[in-house]
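Visitor: Sequence below, structure please.
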Amino acid sequence: MTNNDFTFAIKSINFDENYNPSESTRITTNFANLARGEKRQENLRNALAMIDNRFNTLAHEDNLKGDRYSVELEIVSVEMDVEGKGNTFPVIEILKTNIVDKKTSQRIEGIVGNNFSSYVRDYDFSVVLLEHNRNKSTFSTPDNFGDLHGKLFKCFVNSETYKENFNKAPVICLSVSSKNVYHRTDYHHPVLGVEYQQNEASMTDRYFNKMGLQARYFMPANSVAPLAFYFAGDLTGDYTDLELISTISTMETFQKIYRPEIYNANAVAGEAYQPNLDQQDYAVTKIVYDREERSRLAVEQGKFTEEHFIKPYRTILEQWSANYVL
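Guide: Just a heads-up that it's a prediction; the model follows:
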């Protein structure tokens, strides 16, 4: 097997107030979840307004009225052909930001990544991990946990398909782990804000590390908790201020909706900070979101991946993974 046996195809759709999830979209994905139910259009409109408002708060230079910029979002769906026969499986879904400068009528390319969605990750966490720990008193992860997923991600990012569509490496922004303690450092970035560090890597950190991504944690100005940024190169050197602001404004908005206990808390993270999803002192956005449904569907989608991707292609995937070298 060679590293080039898999071919990738990219499809994109605008994430706006008229967005409807496609049939191949993971319905637990942040943006897809917002676009369902009676209040779908109101949800989308409110979320997009929150993103724009946050962007303008951070991009305040020559922006007295706080309305100079707006953020446009594209949902990028990545499909993979394992056998080269035209049968594809939706392996990855990410977000691309674009920035509109209303003052100069300029459209500026933002960052790709941001939100990260993967059926194979659902399989790893909702099927493999559950089976591995069934009837065990101590939680652990299998030795090869995340290996295939990580190599598939690296294969995509290093593919010609990626290079033809995107100019820079992806940055993914997630919530910090509620199991770890984060300590404030003296380093302050003009856009990302104050940096935090943790004593040990979280399971998510280790999983993303296998994707070739390292983590840094920053709390931007007027935020109440640090965000986790996963990247491959130099987070503070490879991206412009506007690019970073587009990621912060987009993903902090999602986190305020999905993790209000952390990101819409009334208390600001201090010198030592441990996120707490059980604390009650937080504000709720007006955006409707069903967290229990999301957890349940993750298991269903993990089983879907097992049936339609892992089992049919197991031999090919195992051989490829064993021989894959970046």
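Visitor: Same question for stretch 141-160: list its buried residues.
Guide: 141, 145-146, 148-157, 159 (16 or more other Cβ atoms under 10 Å). The C-beta positions use only the backbone N, C-alpha and C, and glycine is treated the same way.
Visitor: least confident pick among the residues you listed?
Guide: Among those, residue 141 carries the weakest pLDDT, at 90.
Visitor: need the contact list for the closest residue to residue 95 other than its chain neighbours.
Guide: Distance criterion Cβ to Cβ, 6 or more residues apart in numbering; nearest residue to residue 95, sequence neighbours excluded, is residue 114 at 4.0 Å. Taking Cβ atoms under 8 Å, 6 or more residues apart in numbering, we find residue 114 in contact with 94, 95, 96, 97, 171, 172, 173, 247, 250, 251.
Visitor: Can I take it that residue 114 is in a strand?
Guide: Yes. Going by DSSP: H, G, I helix; E, B strand; the rest coil, the assignment for residue 114 places it inside a strand.
Visitor: tell me the pLDDT at it?
Guide: pLDDT, read off for residue 114, is 94.
Visitor: does residue 203 really touch residue 141, like I thought?
Guide: Yes. At 6.8 Å, residue 203 counts as touching residue 141 under the criterion of Cβ atoms under 8 Å.
Visitor: which neighbours do the two share?
Guide: By Cβ under 8 Å, 6+ apart, no residue touches both residue 203 and residue 141.
Visitor: elements contacting the helix or strand containing residue 74?
Guide: Taking DSSP states H and E as the definition, one finds residue 74 inside strand 69-81. Counting contacts by 3 or more Cβ pairs under 8 Å, 6 or more residues apart in numbering; DSSP states H and E, strand 69-81 is packed against strand 7-15, helix 40-58, strand 88-101, strand 106-117, helix 147-157, helix 241-258.
Visitor: what pairs with that strand, and is each one parallel or antiparallel?
Guide: Using DSSP bridges, the strands paired with strand 69-81 in its sheet are strand 7-15 (antiparallel), strand 88-101 (antiparallel).
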